[in-house]
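Colleague: What shape does this take:
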Amino acid sequence: MKKTNDGEPWEIVLVEDNPGDIGLVEEALTDSGISFNLKAITNGREAVEYLKRENGRGYLNPPDLIILDLNLPILGGLDVLREIKGDEKLEPIPVVILTTSEAERDIFNSYKLKANSYITKPVDFDEFVDIINNIKNYWLSIVKLPPKKYLVGS
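Modeller: Here you go, the predicted structure:
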């Protein structure tokens with residue numbers, strides 16, 4: 001199983017309210033052979049609390065990657081992205097938008113708010129698994145992510 005350079009599992013936060021999509025992401029990551037911890041959060045407010053470690057909640061190890069849906073209850077994905085990229089502790093963590101929206105305004109606003117990539121969810125199961133594998137290959141195998149020791153508050 002491929003692990004991070006420091007030998008730890010990949011820490012992935014998935015902000016997604018659809019249980020089926022959560023299961024597909026988890027299944028695709030499991031099948032990919034990487035060692036990972038997946039934290040699935042089903043609404044935007046809880047995601048911000050978790051990532052900012054508010055109200056006694058939060059991660060033990062900072063996430064290596066955040067996969068974010070835009071269509072979320074309580075606090076929308078763009079608002080979550082604004083909170084992430086507006087926080088100096090969280091800003092360096094890559095955020096991949098994975099959503100059903102193909103709206104040009106959502107794409108523009110996501111990049112304006114410093115999303116690292118924007119991907120529209122395919123309807124087809126096999127295509128969805130391919131997308132997750134491509135995310136995994138690119139973000140966890142090809143690119144160099146910020147070392148955790150430089151993340152403030154980690």
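
Colleague: Break down the protein into its helices, ranges please.
Modeller: Assigned helices in the chain, in chain order: 19-31, 44-52, 77-85, 104-112, 125-137 (criterion: DSSP state H).

Colleague: Hmm, residue 22 and residue 69 touching each other?
Modeller: No. Using CB atoms under 8 Å, residue 69 makes no contact with residue 22, being 9.9 Å away. All C-beta atoms are positioned from the backbone trio N, CA, C, and that covers glycine.

Colleague: Output the helices of the chain as TSV; include the columns mean neighbour count.
Modeller: Compiled in TSV, the helices of the chain are given as follows (neighbours: other CB atoms under 10 Å):
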stretch	mean neighbour count
helix 19-31	16
helix 44-52	21
helix 77-85	21
helix 104-112	14
helix 125-137	16
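
Colleague: could the ones you listed go into JSON lines alongside distance to residue 38 and mean pLDDT?
Modeller: Listed next are the helices of the chain as JSON lines, based on distance: least, CB to CB, whole Å; pLDDT from 0 to 100:
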{"stretch": "helix 19-31", "distance to residue 38": "6", "mean pLDDT": "92"}
{"stretch": "helix 44-52", "distance to residue 38": "13", "mean pLDDT": "93"}
{"stretch": "helix 77-85", "distance to residue 38": "17", "mean pLDDT": "97"}
{"stretch": "helix 104-112", "distance to residue 38": "22", "mean pLDDT": "98"}
{"stretch": "helix 125-137", "distance to residue 38": "11", "mean pLDDT": "91"}
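
Colleague: Output those as CSV; include the columns distance to residue 150.
Modeller: Listed next are the helices of the chain as CSV, based on distance: least, CB to CB, whole Å:
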stretch, distance to residue 150
helix 19-31, 25
helix 44-52, 17
helix 77-85, 17
helix 104-112, 24
helix 125-137, 23
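
Colleague: Quickly list what's touching both of residue 69 and residue 22.
Modeller: residue 16 (CB atoms under 8 Å, 6 or more residues apart in numbering).
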